[in-house]
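**Student:** let me see the structure of the following:
(2 chains)
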Amino acid sequence: MLLLKCPYCGAKAEETEFSGGGEAHLSRQKSGSTDAGFAAYMFERRNPKGVILERWHHAYGCGKWFHAARSAVTLEVFGTYSVQALAPPKDIIAKIRARLPEWEEKK
Amino acid sequence: MSFRLPDGGCLIDRSQPVAFTFNGKRVQGFRGDTLASALMAADRRMVGRSFKYHRPRGIMASGVEEPNALMNMGEGGRFEPNQRATTTELFDGLIARSQNHWPSLGFDIGALNNKLARFLPAGFYYKTFMRPQWAWKHVFEPIIRRSAGLGQVPTKPDTDRYEYFYAYTDILIAGGGVAGLEAALEAGRSGAKVLLLEQSPYFGGRFMVDDVEVDGRNGPAHITYLLDEIAKLPTVTLRSRTQGAGVFDHGYALGFERLNDHAPTASGPRHRLWRIRAKRIITATGALERTLNFAGNDKPGVMLAGAVRDYVRLYGVAPGARTVVVTNSDDAYRTALTLHAAGLEVPLIVDSRPQAGALADAARQAGIRIETGHAIARVNGYKHVTSVEICLQSGAGNAVETVACDCVAMSGGFSPVVHLWSHCGGKLLWDEANAMFSPDISRPPTNQHGEGFVLPAGAALGALETEACLASALAAGRQAVDEVGQSRAGDTAPRQVRAQPEAPMSPVWAMPANAPYRLRSKTWLDFQNDVKLTDIQLAAREGYESVEHAKRYTTIGMATDQGKLSNINGLAVLAAALDADIPAVGTTTFRPPYTPVSLGAIAGEAAGKLFKPTRKTAIDGWHESHGAIFEPVADWRRPYAYPAKGESVQAAITREIVATRSAVGLFDASTLGKIMVTGPDAARFLDLLYTNMMSTLKPGKCRYGLMCNENGFLMDDGVVARLSEDTFLCHTTTGGSDRIHAHMEEWLQTEWWDMQVFTANLTEQYAQIVVAGPRARKVLEALGGMDVSPGELPFMGFVEGKLGGIKARIFRISFSGELSFEVAVPASRGLLLWNLLLQAGASHGIRPYGTEALHVMRAEKGFVVVGDESDGTVTPHDLNMSWAVSKKKDDFIGKRGMQRSFLTGQNRKQLVGLRTLSDTEKLPESAHAVENGKAIGHVTSTYFSPTLGHPIAMALINGGQGRLGDVLDFSAGGAIRKARIVDPVFYDKEGARQDV
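**Tutor:** Numbering: from 1, shown residues only, chains lettered A, B, ... in the order given. As a prediction, this is how the structure comes out:
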């Protein structure tokens, strides 16, 4: 059971206080998008063995959504950040690179 | 025979006899005994029958690894199967029954399987019972179910209480043997918060029975010293009878405490589940002794050497009068010396190694005969050991000698208990010298900071010899202190240990090395699941080369002991069969918990009425006191119907419908979700949320709306009222209130965060009461205070004011098809309004109706229910509701999804009405429509309509909207019922009744 920190209310809490929302930084495909683009948005997930960027909801807390950068292998949490960010902030990228110098965010 | 020794037994109190029953017979032990030690003291060595072959089985171990001595324990509401006799503390009145035999333990019909063993190898059930096909269901399966399995299933509800306990600590230590205690003392001296859990009732582990000397103290004295020192430290907590059961992500751990299994009349909960967060976890979980693989190693009287020593030293019990010791390592010599010192006969020590170590000299000095390079060829005896045949270890099992004995103490070396280390991803390495897997401390499980958080200590690390064990424990204590950010209080000097040096062990996976099939097929690896050496070899021959496959094919390690004794032997045998190295074959996965945790403890207090909260409306008490029968809807309970005394439920439903359609009915709709959406962008937001247009709705008006997910599938529906230019009140289904509110928030926060919109879930703020029927308006007028005339309050409008003195909002919306008003008042006024409406309506024949009457009336009108007519794969178009899907809007959630080719095809399942050809028999729920042998759709709702006097139904049928008038066959439990496809609106299609 993970420990996460909600970047909005500041609570450090057990995973059971949050609910997971899947992969972060997807861009929504509206009417007019291609079939391939829509399928990718709806169903294709990267699920890397390594750093994952994901959405979380502080469901039994302040109710806010946020993003987390975490290793799916070591369970290290590099940080949590605003749900309105389109990519992880610099300090979190620096923390990831400190562990994994080659790491690039794949779009 | 086994018996109580005249003295000794450091855990028992001979002045306190304890009486219990075993298989209905009265037996006596002492305070401090386990059930196993007391049975052994009473010469009851055969305590069960094996799982598959029904072979007699005896007590083999003295702790949690025991595979054989499983008991049905207790009676009635306290009955529990598969309890290990070795970890059951004796108490007055304990009731135990042995398992897996019929008609009795001594005479068991199932033992016939033992004679047929040759025909029942691993995986036999995949290869046999194939033909004839009918025989599986009627012959084979019933027989197998009766003869396989271990304990019985309880028949009464559990009468005990259980609870959770949350604990936060710097350092958690699993294991209260010498390594755990040393680590606790060293860490605790720094002031760090330390919690130590020990699964057994006493501390000290092997130090209580091994002859060692530490800093001039013997084993038990050193344990007492450590406990005394720890008692002085205010930040260290010790808990006995509490197992560190599992290690999980980020320092989360589970402890399983058995509070009064040993004292069932005590008050308080029976078990407690500890939910622990620790910065560091020290696993001082010791090691488990391994069995040796010789023929007949499962017979009662064949035991682990360490366990034999435990019974003598801890409980003053002799497992046998004459014990042959067989070993591949030094530790078993301590057992031989212990037996000898207790005045028991040890005719022979069989050591498979060519040479023994220094402990052998001590044994020789005591006059014990030792045969090195030898092995046990087979064990003789059926219900207990009578003799062993000795052979050369390097040979094929030709006996050179037969030695009479009534007990065999075996030791195949030790395996560190690496379970807790491995639960969260700690890796293992193969220790060639000791032929065991031990923790690879360079690859620990890591926490949220990417740091290792589990530190193995003592034998659990692989430090089997005392000096290394103690040094590793002190080191682990210090490392944990450093890593949790405390400063050390000065390091304890290395302990001065006096113990016999040990000679290297030599792995033995088959005894003798070239044992023929005749012997191998009687050599057990997994005692609880009855897996033999030949079964693993068969699995390898049949291509189950992965250890995970071989495990599942043979079921090795899959019993309740999870292979504590069998796993290493099993994979060594598999490696040999595959001609591979043991580390290349690898281990199966270690999964928590370490030993079974009771379901009661996992449930905690969440049982019965506390399982889940029930949401009740403000009017619930009235429903209850007026005979309502309830149905659960989401977390709510709602009145299903209000049968009068002596009235059937069906009659009540019919009466409620007739009253509403002919006069006036009253319905508690408070459970409907009510979400306020407000702000300058509220209208724009709702246009994105609903499939139809909400921005064009005028203030003071209501509109029915549909909500889809991004796939284009219907997820909720309800009436939206525009309270003002920038404020909407969105009604959701009863089950949807929380979900839809969360859905709104998700989109607002994660996609459209530029919009200025607030949402608030007001569901429980309002009581909402439906007044429906031709006389509904008269009832409201009688109550007075608000103008509800068609001019002032037209269909799909709402008004605000005071109704009968209560602040109210009245919506003119209808789910029944009748003239209908939904009156919303503050929840605190709900019951008052309900009673006022009943009074005002009395002269008009007002009657409350429940959810079933509601459902029948809405079906008569062809209205859908989300979750009945929709199942998460249904679009609004499928439900004939294209009118509610805007073509004008650029975007709404689900628009793109609905454009996919699969969702626009003509042969999708579409909503239709069904008129049964019979006027009396309704279609069964969910019945399939069958055409040309294929299912082409299914019934979604089916009722008898009292209004129409015949059954009605709705269904989703392939291309149904184009098949009006067709008669379809529906399967009804073997029979076929016919129904004609009709318009789903059965009643008042033009809507004249609701718009008056």
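**Student:** show me where chain A has its helices.
**Tutor:** For chain A, the helices defined by DSSP state H cover A:35-43, A:90-99.
**Student:** what's the average pLDDT for the last one?
**Tutor:** Right, the one you point to is helix A:90-99. Per-residue pLDDT over helix A:90-99 has a mean of 96.
**Student:** what residues sit buried inside that helix?
**Tutor:** A:92-93, A:95-96 (16 or more other Cβ atoms under 10 Å in any protein chain shown). Where C-beta positions appear, they are placed from N, C-alpha and C, glycine not excepted.
**Student:** as CSV, those with distance to A:K64 would be great.
**Tutor:** Output for the buried residues of helix A:90-99, formatted as CSV (distance: Cβ to Cβ, whole Å):
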residue, distance to A:K64
A:I92, 18
A:I93, 22
A:K95, 22
A:I96, 23
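**Student:** what about B:A489, distance to B:R189?
**Tutor:** 4 Å (Cβ to Cβ, to the nearest Å).
**Student:** so between these two, which is more surrounded?
**Tutor:** Set side by side, B:A489 and B:R189 show more neighbours around B:R189, with 24 against 15, by other Cβ atoms under 10 Å in any protein chain shown.
**Student:** wait, the more buried one sits on B:L233?
**Tutor:** Yes. The pair B:R189 / B:L233 is scored as a contact, 6.6 Å apart, by Cβ atoms under 8 Å.
**Student:** can you verify my assumption that B:G862 contacts B:V982?
**Tutor:** No. The criterion here is Cβ under 8 Å, and B:G862 misses it with B:V982 at 9.9 Å.
**Student:** nearest residue to the residue in chain B positioned nearest to chain A other than its sequence neighbours?
**Tutor:** Proximity of chain B to chain A (Cβ to the nearest Cβ) peaks at B:G450, 3.5 Å away. Spatial nearest neighbour of B:G450, excluding adjacent residues (Cβ to Cβ, 6 or more residues apart in numbering or on different chains): A:E76 at 3.5 Å.
**Student:** same question, B:V885
**Tutor:** The nearest residue in space to B:V885 (Cβ to Cβ, 6+ apart) is B:T691, at 4.5 Å.
**Student:** alongside chain B, which residues does chain A contribute?
**Tutor:** A:1-3, A:14-15, A:21, A:28-33, A:35, A:38, A:42, A:55, A:57, A:59, A:63-65, A:71, A:74-77, A:83-84, A:99 (Cβ under 8 Å from any Cβ of the partner chain).
**Student:** for ChimeraX, write the selection for the buried entries among these.
**Tutor:** Burial among these is assessed by 16+ other Cβ under 10 Å; the matching ChimeraX selection reads:
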select /A:2,3,14,15,21,28,29,33,38,42,55,57,59,64,65,71,74,75,76,77,83
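**Student:** which of the residues of chain A next to chain B fall in strands?
**Tutor:** A:3, A:14, A:21, A:55, A:57, A:65, A:71, A:77 (DSSP state E).
**Student:** wait, what's in contact with the first one?
**Tutor:** Taking Cβ atoms under 8 Å, 6 or more residues apart in numbering or on different chains as the definition of contact, the neighbours of A:L3 are A:12-15, A:77, B:249-251, B:277, B:448.
**Student:** which residue does chain A bring closest to chain B?
**Tutor:** For chain A, Cβ to the nearest Cβ, closest residue to chain B: A:E76, 3.5 Å.
**Student:** that residue against B:P445, yeah?
**Tutor:** No. Applying Cβ under 8 Å as the test, A:E76 and B:P445 come out as separate, 11.5 Å apart.
**Student:** residue ranges in chain A under the pLDDT threshold?
**Tutor:** Counting by pLDDT under 70, the ranges of chain A that qualify are A:107.
**Student:** which residue is nearest the middle of it?
**Tutor:** The residue lying closest to the centre of chain A (Cα atoms, centre = their mean) is A:E54, at 2.0 Å.
**Student:** and that one, how far is that from B:D440?
**Tutor:** Taken as Cβ to Cβ, the span from A:E54 to B:D440 is 29 Å.
**Student:** cool, B:G151 as well?
**Tutor:** Counting by Cβ to Cβ - B:G151 and B:D440 are separated by 38 Å.
**Student:** next one: B:A577
**Tutor:** 26 Å.
**Student:** over to B:G646?
**Tutor:** Distance from B:G646 to B:D440, by Cβ to Cβ: 75 Å.
**Student:** likewise B:G58?
**Tutor:** Look at B:G58 and B:D440: by Cβ to Cβ, they are 37 Å apart.
**Student:** which positions in chain B make contact with chain A?
**Tutor:** Checking chain B against chain A by Cβ under 8 Å from any Cβ, the hits are B:248-252, B:277, B:424-425, B:446-450, B:710-711, B:742, B:745-746, B:749-751, B:753, B:890-891, B:895-897, B:899-900.
**Student:** just to revisit the earlier point, more crowded one of B:G58 and B:D440?
**Tutor:** When neighbours are counted by other Cβ under 10 Å, B:G58 and B:D440 differ, and B:G58 comes out ahead with 26 against 15.
**Student:** look up the closest residue to the more buried one, ignoring the ones flanking it.
**Tutor:** B:P300 (2.8 Å).
**Student:** got the contact list for B:F795?
**Tutor:** Taking Cβ under 8 Å, 6+ apart, we find B:F795 in contact with B:812, B:814, B:994-995.
**Student:** residues contacting residue 74?
**Tutor:** As the question left the chain open, I've gone with chain A. With Cβ under 8 Å, 6+ apart, A:T74 has these contacts: B:446, B:450.
**Student:** wait, chain B
**Tutor:** Counting by Cβ under 8 Å, 6+ apart, the residues that B:G74 touches are B:80, B:95, B:264.
**Student:** now these: which count as buried?
**Tutor:** Using 16+ other Cβ under 10 Å as the burial test, these include B:80, B:95 as buried.
**Student:** of the contacts of B:G74, which belong to strands?
**Tutor:** Among the contacts of B:G74, the residues falling in strands (DSSP E) are B:80, B:95.
**Student:** same list, the contacts of B:G74, but as TSV with pLDDT and distance to B:I281 please.
**Tutor:** As requested, the contacts of B:G74 are exported to TSV (pLDDT from 0 to 100; distance: Cβ to Cβ, whole Å):
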residue	pLDDT	distance to B:I281
B:E80	93	29
B:I95	96	38
B:P264	89	32
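**Student:** average pLDDT across stretch B:573-586?
**Tutor:** Stretch B:573-586 comes out with an average pLDDT of 94.
**Student:** list the buried ones in that stretch?
**Tutor:** Neighbour counts over stretch B:573-586 (16+ other Cβ under 10 Å) mark B:573-578, B:582, B:585-586 as buried.
**Student:** quick one, helices of the stretch 251-400 of chain B?
**Tutor:** B:305-315, B:331-341, B:358-365 (DSSP state H, counting those that start in this stretch).
**Student:** so which bits of the second one are buried?
**Tutor:** By that I understand helix B:331-341. Neighbour counts over helix B:331-341 (16+ other Cβ under 10 Å) mark B:331-340 as buried.
**Student:** mind giving me the packing neighbours of it?
**Tutor:** helix B:305-315, strand B:322-327, strand B:345-351, helix B:358-365, strand B:407-411 (3 or more Cβ pairs under 8 Å, 6 or more residues apart in numbering or on different chains; DSSP states H and E).
**Student:** and those, which one is worst for confidence?
**Tutor:** Looking at those, the weakest mean confidence is helix B:358-365, a mean of 94.
**Student:** can you pull the contacts of B:N711?
**Tutor:** Applying Cβ under 8 Å, 6+ apart to B:N711 gives the contacts A:42, B:894, B:897.
**Student:** what would those residues look like in TSV with distance to B:R378?
**Tutor:** Putting those into TSV (distance: Cβ to Cβ, whole Å) gives the following:
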residue	distance to B:R378
A:M42	65
B:G894	73
B:G897	70
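**Student:** for the residue lying farthest from the centre of chain A, which non-adjacent residue is spatially closest?
**Tutor:** What lies farthest from the middle of chain A is A:G32; by Cα atoms, centre = their mean that is 27.0 Å. Spatially, and ignoring its direct neighbours in sequence, A:G32 is nearest to B:R896 (7.8 Å; Cβ to Cβ, 6+ apart).
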